[in-house]
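Participant: Predicted coordinates and the sequence they were generated for:
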Amino acid sequence: MKTRIIGTPISKVIDYKYSQLTEPFMFYSSVLNRKCVIPAGFIMDWESVPSFKGTSKIAGLIHDYLSRSDSDPVITKKIATKVYLEFMKFRKNSFVRRQTKYWIVRVVRGYFHKLIVGGEIKF
């Protein structure tokens, strides 16, 4: 099976930075070789790489989910970043843009595995 997005992410805006899925969102990742479901209620910031913020929101949503300590599957930061790259390519981001974002996310320290899927983000 090939990389694909199953449906459209339906969400509500919480504030200027965060949104919350109101329905489950599904995708198939060739990197993971499986279908994944992001549950309704999941809170994300879509994509937060400065200068490129919001240029591949769905890839950002998927990466946000896979960065949680209880995502399904639980994976490493390296694999989560490969999936991020996979979906940026799938969404036809330019080579330069996706490589830049990939390496920023891959190298910069952040909240990887510090949050849970159903946890609240403190505003």
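Facilitator: Right, received. Where do you want to start? Numbers count the residues shown, from 1 in each chain.
Participant: show me the contacts for residue 27.
Facilitator: Contacts of residue 27 were listed using C-beta atoms under 8 Å, 6 or more residues apart in numbering, and they are 4-6, 35-36, 38, 58, 62, 87. For the C-beta atoms, the positions are set from N, CA and C on the backbone; glycine is no exception.
Participant: Report all helices and strands that the strand or helix carrying residue 58 contacts.
Facilitator: Residue 58 belongs to helix 57-66 when assigned by DSSP states H and E. Applying 3 or more C-beta pairs under 8 Å, 6 or more residues apart in numbering; DSSP states H and E, one finds that helix 57-66 contacts strand 25-29, strand 34-38, strand 43-44, helix 77-90.
Participant: can you list those in a markdown table and add mean pLDDT and distance to residue 14?
Facilitator: Formatted as a markdown table, these follow (pLDDT from 0 to 100; distance: least, C-beta to C-beta, whole Å):
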| stretch | mean pLDDT | distance to residue 14 |
| --- | --- | --- |
| strand 25-29 | 97 | 16 |
| strand 34-38 | 97 | 16 |
| strand 43-44 | 88 | 7 |
| helix 77-90 | 94 | 22 |
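Participant: do you know which of these lies nearest residue 100?
Facilitator: Closest to residue 100 of the helices and strands packed on helix 57-66, according to C-beta to C-beta: helix 77-90, at 10.1 Å.
Participant: Show me which parts of that closest one are buried, residue by residue.
Facilitator: 77, 80-90 (16 or more other C-beta atoms under 10 Å).
Participant: Who are the packing partners of that helix?
Facilitator: strand 4-6, strand 25-29, helix 57-66, helix 95-107.
Participant: Sketch out the low-pLDDT regions of this structure for me.
Facilitator: Along the chain, the parts satisfying pLDDT under 70 run over 48-54, 110-114, 119-123.
Participant: same thing but 50
Facilitator: Residues of the chain that meet the criterion pLDDT under 50 lie in 123.
Participant: For ChimeraX, write a command that selects the buried ones of the contacts of residue 27.
Facilitator: Buried members of the contacts of residue 27, defined by 16+ other C-beta under 10 Å, are picked up in ChimeraX with:
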select :5,36,38,58,62,87
